[in-house]
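> return a 3D structure for these sequence lines:
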Amino acid sequence: MTTPVLTLIGKPGCHLCDDARAVVAAVLADLATEHPADAIVFEEKSILDDPALHERFVEEIPVVLINGAVHNYWRIDPVRLTKALQEAQ
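Reported below is the predicted structural model:
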């Protein structure tokens, strides 16, 4: 079994990115409480630091990827994200 990788792509000063970060943090905290041995790798990237990410996602941030595939963008639903991460584990 591979460890799921959750990536949040956004930029500083983006209120939707801040909202998405809060949802991601809450979902990860809940999953860690339920299954502490099942790790999920979390990484955050800014479109300002990566020209390829900027070109691809500039109109869609925040974007959440699970194992490199787009899960959702703009508004992140915690129930849907939880289910997707549980399935990825």
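> show me the contacts for L16.
With CB atoms under 8 Å, 6 or more residues apart in numbering as the criterion, the residues that contact L16 are G10, I61, P62, W74, R75. (Each C-beta comes from the backbone N, C-alpha and C, glycine too.)
> how about 10 Å then?
G10, I61, P62, Y73, W74, R75, I76 (CB atoms under 10 Å, 6 or more residues apart in numbering).
> can you check V63 too?
Applying CB under 10 Å, 6+ apart, the residues near V63 are 7-10, 17, 20, 45, 47, 53, 56-57, 70-74, 76.
> can we see that at 6 Å?
Neighbouring residues of V63 by CB atoms under 6 Å, 6 or more residues apart in numbering: I9, F57, Y73.
> the first one belongs to a strand, doesn't it?
Yes - under DSSP: H, G, I helix; E, B strand; the rest coil, I9 sits within a strand.
> for E34, see how far away the nearest residue to it once chain neighbours are set aside is.
Spatial nearest neighbour of I9, chain neighbours left out: V63 (4.3 Å); criterion: CB to CB, 6 or more residues apart in numbering. Using CB to CB, to the nearest Å, V63 is found at 25 Å from E34.
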